[in-house]
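Undergrad: Sequence plus predicted model, see below.
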Amino acid sequence: MQSKMFHLTTASFEVLSPNVQREIYQEFYRYVYPSIIYMVQDHATTEDVIQNAFLKIIRNVPQAESEAHLKGWMKVVVKNEIYNYFRKHKKNRNVIDSDSVYINESPELATDTSALESEIETKLMAEELAACLTELKPEYRALIELRWKQQLSYREMAAELDTTEDKVKYKLYKAREAMKKRFSKRWGD
């Protein structure tokens with residue numbers, strides 16, 4: 001069965017009926033919410049990212065041959081919107097808001113099968129990433145853990161490893177490429 005989101009490829013969003021517009025937005029919301037909340041860890045921010053991404057999507061819908069192609073393109077738009085958010089707010093990244101520690105999901109999202117599927121897919125993806133991390137050379141694994149788990153800057157990493165920032169950046173790039181290669185073999189494109 002074709003999703004409501006595929007209607008975006010056949011007609012302009014503005015000409016669709018309000019009910020269809022609402023259904024498309026709700027389906028998009030359920031489709032991307034789990035992956036965004038996993039990344040940003042804040043419900044309000046997740047809502048903002050979803051709205052900004054949705055606006056970009058309805059303004060620039062490509063001619064997609066299939067629903068899978070459209071959803072893949074949407075994921076790229078959402079990912080870029082998350083990156084934009086992090087770039088704009090990178091100085092506040094290490095500040096923890098005590099109110100955002102507990103996230104109350106609405107019951108309708110928790111019982112919706114597509115939302116559950118997305119959440120499960122996100123968790124499986126995280127497990128695959130963890131497995132890929134264990135397969136890396138110890139040097140690469142250490143770099144990734146220092147950068148993303150301990151959230152050290154390049155300068156702090158260089159000081160801890162007694163090397164230069166340029167070497168840290170280069171080796172971290174190689175570590176990320178090795179992770180991507182392993183992950184794409186396991187998970188697919």
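TA: Yes, it's here.
Undergrad: From here on, just use CA atoms for contacts and neighbour counts.
TA: Will do.
Undergrad: in the protein, which helix or strand is least confident?
TA: Within the chain, no helix or strand scores below helix 107-111, which has a mean of 47 by mean pLDDT, DSSP states H and E.
Undergrad: And the next helix or strand past that one?
TA: For helix 107-111, the following helix or strand on the C-terminal side (DSSP states H and E) is helix 113-135.
Undergrad: Using CSV, write down the CA coordinates of that next one.
TA: Listed next in CSV are the C-alpha coordinates belonging to helix 113-135 (Å, rounded to 0.1, in the frame of the first residue of the first chain):
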residue,chain,number,x,y,z
THR,A,113,3.0,0.4,14.1
SER,A,114,5.1,2.6,11.8
ALA,A,115,6.4,4.5,14.7
LEU,A,116,7.3,1.3,16.5
GLU,A,117,9.0,0.0,13.4
SER,A,118,11.0,3.2,13.1
GLU,A,119,12.0,3.0,16.7
ILE,A,120,13.0,-0.6,16.4
GLU,A,121,15.0,0.1,13.2
THR,A,122,16.8,3.0,15.0
LYS,A,123,17.7,0.7,17.9
LEU,A,124,18.9,-2.1,15.5
MET,A,125,20.9,0.5,13.7
ALA,A,126,22.6,1.6,17.0
GLU,A,127,23.4,-2.0,17.8
GLU,A,128,24.9,-2.5,14.3
LEU,A,129,27.0,0.6,14.8
ALA,A,130,28.2,-0.7,18.2
ALA,A,131,29.1,-4.0,16.6
CYS,A,132,31.0,-2.2,13.8
LEU,A,133,32.9,-0.1,16.4
THR,A,134,34.2,-3.3,18.0
GLU,A,135,35.5,-4.5,14.7
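Undergrad: mean confidence score for that helix?
TA: Confidence over helix 113-135 (mean pLDDT, whole number) is 77.
Undergrad: For it, give me every contacting residue.
TA: Here helix 113-135 makes contact (CA atoms under 8 Å, 6 or more residues apart in numbering) with 30-35, 109-110, 141, 179, 182-183, 186-187.
Undergrad: Greatest separation within those residues: which pair is it?
TA: Farthest apart among these by CA to CA are Leu109 and Arg141. That separation is 35.4 Å.
Undergrad: Backbone dihedrals for the residue of the chain positioned farthest from its centre, please?
TA: Of all residues in the chain, Asp162 sits farthest from the chain's C-alpha centroid, using CA atoms, centre = their mean; the distance is 32.8 Å. The main-chain torsion angles of Asp162 are listed as degrees, to the nearest 10 and equal phi 60, psi 60.
Undergrad: mind checking pLDDT for it?
TA: Asp162 carries a pLDDT value of 87.
Undergrad: Please report how far it lies from Arg141.
TA: Noted for Asp162: a distance of 17 Å to Arg141, by CA to CA, to the nearest Å.
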